[in-house]
Every structure is written in C-alpha cells, then in structure tokens.
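Chemist: My questions are about this predicted structure, shown below with the sequence.
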Amino acid sequence: MPSSSSVIRQAGVIPIDGDRICIVSSRGGKRWVVPKGCLEPGKSSAEIALQEAWEEAGLVGVLQTDPIGTYLYEKSGFTCHVTIFVMNVTEAAERWPERDFRQRCWLAPEEALQRIDDAGLRELIREAMPFCSASRQR
C-alpha cells in the first residue's frame, strides 16, 4: 500500500445525458478519461467533481448524492485515488475553460468502455450504466 504522502486524492464525474456518457481526452490527448481533478482545501469531493465537469468538459449538472465508487491509477510516480460521482447533465456549453486542450465526446456506455484504458474506471462506468436512460434527450 502506498504511503499517504504518495497518494493524490481526486474527484471526478461520469457525466450522463439520456443514454449517453461524456468522456474527455486527457490533456496530452493520448487517452480518454472522465473529468476529474485534485481535491482543494475547503472544497468537498462533490464540489471538485462539479468544478472539473465544467472546466474539462463544459458540463453543468446534478450529482447523485453518494459517489458511485473509487479507483486508483498511477501518474508521475504518484498513486491517484479518485472518488467518482454520477452527474445528470443539465447543460452542455459550447465554450468552456479547457476546450482548447481537450476533446469532449458523447458515446453510448458500451462505446465509452472501449475507449477507456483504465480497468478501475471501466468498472465504475459499468456501474453507472443503470443511470443511463433513452427517455431523456440532450
């Protein structure tokens, strides 16, 4: 188990709109991920998740009350521990802070699973699939 000093705590969202999930490219453009970022003093995991959805994907929405789960990944010699929420998207902006650095992609959950490399994140997307519904359209 990594020491607490080598663990970076993050929070993020699986954005859902109707029967689609939004994923974003990593800053380097080599991987597909969900919006997520490091926790900040004075902000809750839920607040960071909403903030990252806006900054990285231009999305606004409502979080499910409880996180759907967590996963770990390695980055630059650190272990990142990410708490993930499901977010029902209410608005998707045409312009957002990281638009020039990231692509935003809406996919059926099965297609999103094919693009995500991280096994832990794929498992959380599988768990989020029941929140998808064809009855709501963007």
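Modeler: That came through fine.
Chemist: make it CA atoms for all contacts and neighbour counts henceforth
Modeler: Fine.
Chemist: Kindly check the end-to-end length of stretch 105-117 for me.
Modeler: Its start and end residues considered, stretch 105-117 measures 15 Å (CA to CA, to the nearest Å).
Chemist: the strands in this protein, which residues?
Modeler: For the chain, applying DSSP state E gives strands covering 7-17, 20-25, 32-33, 36-38, 59-63, 69-75, 78-92, 104-107.
Chemist: tilt between the longest helix anywhere in the chain and strand 59-63?
Modeler: Of all segments of type helix in the chain, defined using DSSP state H, the longest is helix 45-57. Computed by axes from the mean of the first three to the mean of the last three CA atoms, to 10 degrees, the angle separating helix 45-57 from strand 59-63 equals 160 degrees.
Chemist: What's the mean pLDDT across helix 45-57?
Modeler: The average pLDDT for helix 45-57 rounds to 98.
Chemist: Make sure A53 is actually in contact with K36.
Modeler: Yes. Look at A53 against K36 with CA atoms under 8 Å: they come within range, at 7.2 Å.
Chemist: Torsion angles phi and psi at the residue lying closest to C132 once chain neighbours are set aside?
Modeler: With sequence-adjacent residues excluded and distances taken as CA to CA, 6 or more residues apart in numbering, C132 is closest to D19, at 4.7 Å. Phi and psi for D19, reported as degrees, to the nearest 10, are phi -100, psi 20.
Chemist: Would you mind saying which of the strands of the chain lies nearest L121?
Modeler: Evaluated over the strands of the chain, closeness to L121 peaks at strand 69-75, with 6.4 Å, by CA to CA.
Chemist: Perfect, that will be all.
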